[in-house]
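Undergrad: Show me how the following folds:
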Amino acid sequence: MADQLGGKGKPMIMSEFGADGLYGYRSPNQVKGTEERQAEIIEENLKAYESKEYLSGMFIWQFSDCRVTEEKWFKTRSGTLNNKGIVDMYRRPKLAYNVVKKRWKRSENE
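TA: As a prediction, the model looks like this:
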């Protein structure tokens with residue numbers, strides 16, 4: 001589709017992929033909101049996107065958890081936080097952080 005819209009031969013970046021993960025919320029069942037599930041989703045995305053030759057880069061949504069407005073649908077979020085960071089709001093690494101770190105360490109050694 002990008003080729004049809006004039007993007008042929010131009011760099012393309014995959015942006016805003018990831019999942020929510022509450023710091024410290026662990027479950028072997030990888031239910032929504034667990035660090036395990038967040039790590040799995042990000043790992044699956046990285047594997048899928050890095051194999052695409054037409055992609056020049058990726059942006060994980062997002063680096064750190066942050067507070068969001070207390071208006072509208074944001075009120076439904078636990079603690080009015082966006083918990084999609086690979087580190088929490090105090091910069092403590094979640095399991096997903098280690099997935100990303102391992103991926104880029106491998107890149108350096110290739």
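
Undergrad: which one is the residue nearest the centre of the chain nearest to, not counting chain neighbours?
TA: When Cα atoms, centre = their mean is applied to the chain, the residue found nearest the centroid is residue 18 (2.9 Å). Leaving aside its sequence neighbours, residue 18 sits nearest to residue 61 (Cβ to Cβ, 6 or more residues apart in numbering; 4.6 Å). C-betas here are computed from N, CA, C, even on glycine.

Undergrad: Strands along the chain, start to end?
TA: 12-17, 55-60, 66-67, 81-82 (DSSP state E).

Undergrad: and the ones you listed as a markdown table, adding distance to residue 4 and mean neighbour count?
TA: Listed next are the strands of the chain as a markdown table, based on distance: least, Cβ to Cβ, whole Å; neighbours: other Cβ atoms under 10 Å:
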| stretch | distance to residue 4 | mean neighbour count |
| --- | --- | --- |
| strand 12-17 | 13 | 13 |
| strand 55-60 | 17 | 14 |
| strand 66-67 | 37 | 12 |
| strand 81-82 | 34 | 18 |
